[in-house]
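In: Pasting a predicted model and its sequence here:
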Amino acid sequence: MATAQVKMKKSGAPKNAPKRVAKKAATAAASAATTDHKLRIRVSAYEHKILDLSVKQIMDTAARFDATVVGPVPLPVETKRWTVNRSTFIYKNSREQFEMRIHKRLIDILNPTPKVVEALTNLNLPSGVTIDVKMV
């Protein structure tokens with residue numbers, strides 16, 4: 001019975017193996033040739049309107065230099081919540097609840113030129129907007 005299983009594996013492998021290897025090699029070569037490196041920009045702010053204006057400004061700057069841009073991709077909103085007693089000593093049932101939301105966006109710029117990187121570093125964005133830039 002073990003010999004029958006071995007024969008089945010040997011007979012099935014030569015038909016499919018070269019095609020799969022060729023497809024995987026072609027896909028890997030195509031993806032390596034198209035994206036050598038990319039600039040990953042994470043933008044976050046407390047107010048979504050200011051965040052959207054900043055993202056639009058980044059996208060316009062990248063488009064001015066003919067860069068390939070992917071995004072903006074909205075990331076999940078990070079919510080921080082606190083519950084605090086209103087009174088200092090008694091009235092435990094009286095409480096206040098506070099919430100802080102952090103909105104985030106992700107932008108990828110594929111194969112950025114030095115001009116694009118320089119233009120992005122010279123951008124003046126509003127206060128309250130945090131930017132993290134990574135070369136991937």
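Out: Yep, it's here. Residues are numbered from 1 along each chain as shown.

In: wouldn't Val117 be in contact with Leu39 here?
Out: Yes - with contact defined as C-beta atoms under 8 Å, Val117 reaches Leu39; the gap is 7.0 Å. C-beta coordinates here come from the backbone N, C-alpha and C atoms, glycine included.

In: ok, those two, which is more surrounded?
Out: Leu39 (20 against 16; other C-beta atoms under 10 Å).

In: Spit out the contact partners of the more buried one.
Out: In this structure, Leu39 makes contact with 108-109, 112, 116-117, 120, 133-136, judged by C-beta atoms under 8 Å, 6 or more residues apart in numbering.

In: Please narrow these to those residing in helices.
Out: With helices defined by DSSP state H, the entries of the contacts of Leu39 inside them are 116-117, 120.

In: any idea which helix or strand carries the residue positioned nearest the centre of the chain?
Out: Nearest to the mean C-alpha position of the chain, by C-alpha atoms, centre = their mean, lies Leu106 at 4.4 Å. Taking DSSP states H and E as the definition, Leu106 sits inside strand 95-110.

In: count of neighbours near the closest residue to Leu51 other than its chain neighbours?
Out: Leaving aside its sequence neighbours, Leu51 sits nearest to Ala45 (C-beta to C-beta, 6 or more residues apart in numbering; 4.1 Å). When neighbours are counted by other C-beta under 10 Å, Ala45 registers 24.

In: Please tell me how far Ala45 sits from Glu118.
Out: Taking C-beta to C-beta, to the nearest Å as the measure, Ala45 falls 24 Å from Glu118.

In: Alright, that wraps it up for me.
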